[in-house]
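[1] Need coordinates for the following:
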Amino acid sequence: MFDLWASEHSTLREKVLEHAFLTELSKVLLLDHGVPLEILRAEFDANGYDVAIEVNGILRHIQFKAMRLGGKRRHVDVAQALAAKPSGCVVWFVADPASLALGPFYWLGGGPGEPLPDLGLKVARHSKPNMNQEKKERAAYRQIAIAKFQRLETMQDVAMALFGTLGALATPHSYGMNAAMMEDRHENEGPVGVVEPVTGMDAPRQVIRYERRNGKIFATWIAPSGVIASGEVPLFQEGDGFYDVFGQFLGDS
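    Now for the predicted structure:
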């Protein structure tokens, strides 16, 4: 039986998983947000990225890393050349060997137009020793621990981390979804209302998703530090519109 995860099939496996990722990302962008994408590939692997994807004028150079479900890998090697790209990023994802279902995902990157975070000074080494049983350094690569990555649960989260929201991806459908969330604002303890940010809440650079859980509104956002955070978000009404605690307009009543 053919084993896609055998070491001799590493090149084929990389391509299969890359296509699986691009298929799922395309579904999110085209079906959920109604925006087209352009996928560009380098002639050869010398610039630290696998593909470049452009959406609504936002160009992301992406390096893919993958591991099988249950894998124990805790670091990856990232090319320093990727840090020279204006929106370079790394997407490290888990794949189920039985179904090729993807997720969770691990994200290393800034917002659209922003470079990679500092890659540090830990030089990567070749995985296999040479004839002298030495694992030589890879001077152009840095070893990055999984702790440096931000965990994302869904491809929707990945799409938002890559290309942002509202200005880049929001559609009338997404506003309709937010408005539908408002319909149940009286479910639990009456209307929620605040007129100033919640103490201790890290104000976002960009809110990337809203969802309703048990009658309460939760948001996922990118903080100024670049960290992706989430939590319950109180709402307040001003005139005929509803706003979240960050001042983001969510829709009419």
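
[2] check contacts around the closest residue to Ala81 other than its chain neighbours.
    Distances taken as C-beta to C-beta, 6 or more residues apart in numbering place Gly48 nearest to Ala81, at 3.7 Å, with adjacent residues excluded. Yep, even glycine has a C-beta here, placed from its N, CA and C like the rest. Applying C-beta atoms under 8 Å, 6 or more residues apart in numbering, we find Gly48 in contact with 61, 63, 78-85, 88.

[3] and what of Leu12?
    Leu4.

[4] Quickly note the distance from it to Val94.
    Distance, Leu12 to Val94, using C-beta to C-beta, to the nearest Å: 19 Å.

[5] now His33
    Taking C-beta to C-beta as the measure, His33 falls 24 Å from Val94.

[6] One more: Val16?
    15 Å.

[7] helix, strand or coil for Lys72?
    Classification of Lys72 using DSSP: H, G, I helix; E, B strand; the rest coil returns coil.

[8] what about it, neighbour count?
    Neighbour count for Lys72, taken as other C-beta atoms under 10 Å: 5.

[9] Check Ala95 and give its pLDDT.
    We have a pLDDT of 96 for Ala95.

[10] how about the helices in the stretch 51-200 of the chain?
    Ranges of helices within the stretch 51-200 of the chain are 155-163, 172-182, based on DSSP state H, counting those that start in this stretch.

[11] More neighbours: which of His33 and Val94?
    His33 (21 against 17).

[12] Quick check: end-to-end length of stretch 46-65?
    16 Å (C-alpha to C-alpha, to the nearest Å).

[13] Sort out which residues of it are buried, please.
    Buried residues in stretch 46-65, counted by 16 or more other C-beta atoms under 10 Å: 47-53, 55, 58-65.
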